[in-house]
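1. here you go, sequence then predicted model.
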Amino acid sequence: MAANTATIGYGATVSYSATEGGSYTEIAELLDLALPSSTQSSVDATHMQSPDNYMEKIAALKEPGEYSFSMNFNATQYETVFGLQGTAKWWKVTTPGGDYWKFPGFISELGGEMPVNDRITAEVVVTVSGAIDYTKFE
């Protein structure tokens, strides 16, 4: 039986920059983060002679969707993130192993939780506004 190659998320980072190749600022005290994802839409290409009476589809535009992460509430960090709402930035999500995703987007939602007997957390949603690029660490 082959050994697994799984890894845990501990050490992953989310950061942002004004430009794609610029200096990235890391978000502090991340709790949970998602992997960037996109959806491939399709267009009906069926015609009167489509083979075997089946509908045909072709790939259309990709929908980059949204990206989300949560963090411990820290007034200074929250103020920074709050100020970024609606401002186009480049976002970078890095795995503990160094692989990363980069994409343009803006913070479209900011909220959180303030439980009576637990830590305060902030939830951030970034609307992705272009291509998502994945780079494997070599």
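-> Yep, it's here.
2. pull out the buried residues from the longest strand seen in the chain.
-> In the chain, ranked by residue count with DSSP state E as the criterion, the top strand is strand 100-113. Of the residues in strand 100-113, those scored as buried under the neighbour-count criterion (16 or more other Cβ atoms under 10 Å) are 100, 101, 102, 103, 104, 105, 106, 107. To be clear about C-beta, it is placed using only N, CA and C from the backbone, and glycine gets the same treatment.
3. could you do stretch 108-128 as well?
-> Counting neighbours by 16+ other Cβ under 10 Å, one finds that the buried residues in stretch 108-128 are 121, 122, 124, 126, 128.
4. check stretch 14-27 too.
-> Buried positions in stretch 14-27, judged by neighbour count with 16+ other Cβ under 10 Å: 14, 15, 16, 24, 27.
5. the strands in the protein, which residues?
-> For the chain, the strands defined by DSSP E cover 13-17, 25-26, 30-33, 39-44, 57-63, 66-72, 89-94, 100-113, 121-128, 133-135.
6. what's the longest one in contact with?
-> Same thing as strand 100-113. Around strand 100-113, the neighbours that count as contacts under Cβ atoms under 8 Å, 6 or more residues apart in numbering are 20, 35-36, 64, 66-67, 70, 73, 81-82, 84-94, 120-135, 137.
7. at 6 Å what do you get?
-> 36, 84-88, 90-94, 121-130, 132-135 (Cβ atoms under 6 Å, 6 or more residues apart in numbering).
8. low-confidence ranges, this protein, go.
-> Counting by pLDDT under 70, the chain contains no low-confidence segment.
9. residue 8: which of the buried residues of stretch 14-27 is nearest?
-> Each of the buried residues of stretch 14-27 was scored against residue 8 by Cβ to Cβ, and residue 14 proved nearest at 16.3 Å.
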